[in-house]
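Novice: Coordinates only, no sequence provided:
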Ligand SMILES: C[S@@+](CC[C@H](N)C(=O)[O-])C[C@H]1O[C@@H](n2cnc3c(N)ncnc32)[C@H](O)[C@@H]1O
């Protein structure tokens, strides 16, 4: 446990040295190292983007020919490269028009509910955020695209995993080293989006 805590402290210090506003960047870095989801030229939608670490990291990985569009409840006032942007918005209220006509290659969500201390309620709210991110992903992803979403493990976790599995060829559950020892968050990673289900008659 003491070793894990030292590792945790290392991530905070490292983030400051590397110029990232949050240590959570190393969660995405590890997910990317293990799954290779971020590549040059990709278009990325980043839900729950404040204070911007994931957006900054993804912007570096996709390069100037790519695009990273972030949304968060909290307004972002930091500096990003020209091909990245964070808008203020609630994932439950974002319209497809706001997302533009071009599809995305990756939808990622680091969204977390404001925790209440009531574990089952927090887990349920986290599940709702994942399901919302998945619903958006199903509208905007290219076939073959990828999905990353943080979820608090608990009662609804198997349902969320099943839903990701239904939409993607492959699903993995990753708990990066940078996740705090006491946290019960993990990331669902879906690769190979099967495409929009055509329910229109
Ligand atoms: C852990 S932080 C994200 C950290 C970010 N990925 C980074 O690396 O800098 C979780 C964020 O989710 C956002 N959030 C929670 N519910 C949301 C919602 N319904 N719509 C948009 N953002 C939401 C919160 O405002 C918070 O900023």
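Specialist: Sure thing, it's come through. Owing to the predicted nature of the structure, the values given are computational and were not obtained by experimental measurement.
Novice: From here on, just use CA atoms for contacts and neighbour counts.
Specialist: OK.
Novice: Distance check, residue 112 against residue 170.
Specialist: Per Cα to Cα, to the nearest Å, residue 112 is found 24 Å from residue 170.
Novice: And residue 178, by the same measure?
Specialist: 23 Å.
Novice: any chance you could map the strands in the chain?
Specialist: 43-47, 67-72, 84-88, 104-109, 141-152, 168-174, 185-193 (DSSP state E).
Novice: okay, these in TSV with mean pLDDT next?
Specialist: Converted to TSV, the strands of the chain look like this (pLDDT from 0 to 100):
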stretch	mean pLDDT
strand 43-47	98
strand 67-72	98
strand 84-88	98
strand 104-109	98
strand 141-152	98
strand 168-174	98
strand 185-193	98
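Novice: Could you work out which of those strands reaches nearest to the ligand?
Specialist: The ligand lies closest to strand 67-72 among the strands of the chain, at 3.7 Å (Cα to the nearest ligand atom).
Novice: wait, does the closest one make contact with the ligand?
Specialist: Yes - applying Cα under 6 Å from any ligand atom, one finds strand 67-72 in contact with the ligand at 71, 72.
Novice: Residues contacting that strand, please?
Specialist: Residues from elsewhere that reach strand 67-72 (Cα atoms under 8 Å, 6 or more residues apart in numbering): 41-50, 55, 58-59, 83-91.
Novice: and what of stretch 122-130?
Specialist: With Cα under 8 Å, 6+ apart, stretch 122-130 has contacts from 109, 111-116, 149-157, 160.
Novice: Where is the longest helix in this protein?
Specialist: helix 119-140 (DSSP state H).
Novice: quick check: angle from it to strand 168-174?
Specialist: Between the axes of helix 119-140 and strand 168-174, defined by axes from the mean of the first three to the mean of the last three Cα atoms, to 10 degrees, the angle is 150 degrees.
Novice: What mean pLDDT does helix 119-140 get?
Specialist: Across helix 119-140, the average pLDDT comes to 97.
Novice: what's the spacing between residue 132 and residue 182?
Specialist: Distance from residue 132 to residue 182, by Cα to Cα: 26 Å.
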